[in-house]
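Novice: Can you look at this prediction? I've put the sequence above it.
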Amino acid sequence: MGRQSISFTQPNDEWLKNQVDKKEYSTKSELVNDLIRQARKQQRQIDWISAKLEKAENSGFTNLSKEQILAESKSLI
């Protein structure tokens with residue numbers, strides 16, 4: 001595992017310490033890694049939506065209902 005040294009602003013450091021103190025995470029490193037995992041997952045979802053929007057813009061109209069479109073998008077997440 002790569003080792004890094006990073007600095008936090010005081011409010012962010014206090015928030016991190018508070019999460020560890022509340023036993024939400026065992027270490028600040030664990031919390032930062034979890035936040036990065038969440039951000040990566042969110043970015044994948046944003047990329048997927050962007051790709052779908054671009055494809056839709058380039059393909060014209062659809063005959064699917066809004067319910068069908070919603071069901072399809074939910075099944076992919």
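Specialist: That came through fine.
Novice: wait, doesn't Thr27 sit right on Val20?
Specialist: Yes: with contact taken as Cβ atoms under 8 Å, Thr27 and Val20 are classed as touching, separated by 6.4 Å. Where you see a C-beta, it was placed from the backbone N, CA and C, and this is true even at glycine.
Novice: Settle it for me: which of those two has more neighbours?
Specialist: Taking other Cβ atoms under 10 Å, Thr27 and Val20 do not tie; Val20 has more neighbours (15 against 10).
Novice: Please give the element, helix or strand, for that one.
Specialist: With elements delineated by DSSP states H and E, Val20 resides in helix 10-21, which encompasses its position.
Novice: In the helix or strand following that helix, which residues are buried?
Specialist: Sequence order places helix 28-59 as the next helix or strand after helix 10-21, per DSSP H and E. Taking 16 or more other Cβ atoms under 10 Å as the neighbour-count basis, helix 28-59 is seen to contain the buried residues Leu31.
Novice: any idea how far Tyr25 is from Ser5?
Specialist: When distances are taken as Cβ to Cβ, to the nearest Å, Ser5 and Tyr25 turn out to be 19 Å apart.
Novice: Give me the more crowded residue out of these two.
Specialist: Tyr25 (17 against 4).
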